[in-house]
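Visitor: this is a predicted model, with the sequence first.
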Amino acid sequence: MDSKRRSSLAGGLLLAGGAGLGALGKAEPAKAATSSMPFTVSQTVIPIVGTSDVFPVRRIYCIGRNYEAHAREMGSDPTREPPFFFQKPTDAIQFVAPGTVGDHAYPSLTKNYHYEVELVAALKSGGRNIPAASALDHVFGYALGLDMTRRDLQRMMGDQKKPWEIGKSFDHSAPIGPLHPVSSIGHFAKENISLSVNGRVKQSATLAHMIWSVAEQIAKVSEANELFPGDIIYSGTPENVGPVLKGDVIVCRIDRLPDLSIRIV
């Protein structure tokens, strides 16, 4: 894509008005007056704090094993492993408004359902081979997110040398709070990040413990894929991931962001 086309996408990134926003962060589909298609497709969006605009999600990238202690608990040696990523479908997004506890359905096929709290960066522009030194210029804003995981399915597929998409990329596997623009909140680097289940702290670290910073994540992903406006990056989780059961309440925290809370139903 040429620079003119990329700039036009960046200029038209935000969708005005959130009146059609549903509980799962999807805008009401636009309907062409002359369309003969028998169906419509929704655009996944995330509300933007302080405005009536919403952020349309193009792709969801997730950075794997980006905290040393978590890499070790997953059986990896972080001193030798370069950054890697996987993707979730955009309709994995489950938007949860601050001050509420969102109902989150325990998914099918699993008996070992895990939480992973993460900082999420949303991009307003993109490109290929983005230098880390200028990568943060592409960030529109930040949110608090969860990478929910069917751990037994992920491990089973890994043991069989098969893709473990079924463990990561299922319906509603990416709960997220609203986006906070960089213009109002700045960037994140050393803030505390934590997760509790039923009031007991399970994960606790700081963003400074990330092996690869947000800028480095953007740079590395852009070496493999061209990034575009609307891409979001889940930046990895600290150690002590673990299971939840129906009835459990998860509360996620990152300094300067509102809590993200869900109840497993």
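Guide: Sure, I can see it. Numbering: from 1, shown residues only.
Visitor: just list the residues touching the residue lying closest to G99 once chain neighbours are set aside, thanks.
Guide: The shortest distance from G99 to any non-neighbouring residue, by Cβ to Cβ, 6 or more residues apart in numbering, is to P258 (7.3 Å). Using the backbone N, CA and C atoms, a C-beta is placed for each residue, glycine as well. Contacts for P258 (Cβ atoms under 8 Å, 6 or more residues apart in numbering) come out as 98-99, 144, 177-178.
Visitor: what does D103 give?
Guide: 262-263, 265.
Visitor: can you name the helix or strand that it falls in?
Guide: strand 102-104 (DSSP states H and E).
Visitor: partners of the helix or strand just after that strand, with directions?
Guide: Heading C-terminal from strand 102-104, the first helix or strand you meet, by DSSP H and E, is strand 113-115. Under the criterion DSSP bridges, strand 113-115 sits next to strand 149-150 (antiparallel), strand 242-243 (antiparallel) in its sheet.
Visitor: and the ones you listed, which is most packed in?
Guide: Highest mean neighbour count of the strands paired with strand 113-115: strand 149-150, a mean of 24 (counted as mean count of other Cβ atoms under 10 Å).
Visitor: could you list the residues in contact with it?
Guide: So strand 149-150 is in contact with 107, 109-110, 112-116, 166-168, 170, 173, 241, going by Cβ under 8 Å, 6+ apart.
Visitor: average pLDDT for that strand, rounded please.
Guide: The average pLDDT within strand 149-150 is 98.
Visitor: helices or strands next to the helix or strand just after it in the packing?
Guide: Downstream of strand 149-150, the first helix or strand assigned by DSSP H and E is helix 151-159. Judged by 3 or more Cβ pairs under 8 Å, 6 or more residues apart in numbering; DSSP states H and E, helix 151-159 is in contact with helix 165-168.
Visitor: related to what we said a few turns ago, now the contacts of D103: which count as buried?
Guide: When those are checked for burial by 16 or more other Cβ atoms under 10 Å, the buried set is I262.
Visitor: could I get the contacts of D103 as CSV with pLDDT, secondary structure and distance to N66?
Guide: Listed next are the contacts of D103 as CSV, based on pLDDT from 0 to 100; DSSP: H, G, I helix; E, B strand; the rest coil; distance: Cβ to Cβ, whole Å:
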residue, pLDDT, secondary structure, distance to N66
I262, 98, strand, 22
R263, 98, strand, 27
V265, 98, coil, 29
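Visitor: format the contacts of D103 as JSON lines; extra columns: distance to S42.
Guide: Formatted as JSON lines, the contacts of D103 follow (distance: Cβ to Cβ, whole Å):
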{"residue": "I262", "distance to S42": "21"}
{"residue": "R263", "distance to S42": "24"}
{"residue": "V265", "distance to S42": "23"}
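Visitor: out of the contacts of D103, who's nearest V139?
Guide: I262 (25.1 Å; Cβ to Cβ).
Visitor: tell me what the residue nearest to the closest one when sequence neighbours are not counted is bridged to.
Guide: Nearest residue to I262 in three dimensions, chain neighbours excluded: H104, at 4.2 Å (Cβ to Cβ, 6+ apart). Following DSSP bridges, H104 is listed with bridge partners I264.
Visitor: that older thread, among the strands paired with strand 113-115, which comes closest to N198?
Guide: Of all these, strand 242-243 comes closest under Cβ to Cβ, at 12.0 Å.
Visitor: and the contacts of the helix or strand just after that closest one?
Guide: Where DSSP H and E defines the elements, the next helix or strand beyond strand 242-243 is strand 249-254. Under the contact criterion Cβ under 8 Å, 6+ apart, strand 249-254 has outside partners 101, 104, 115, 117, 119, 144-146, 188, 191-199, 207, 244, 259-264.
Visitor: and A189, what pLDDT?
Guide: 94.
Visitor: from V57, how far out is it?
Guide: 24 Å (Cβ to Cβ, to the nearest Å).
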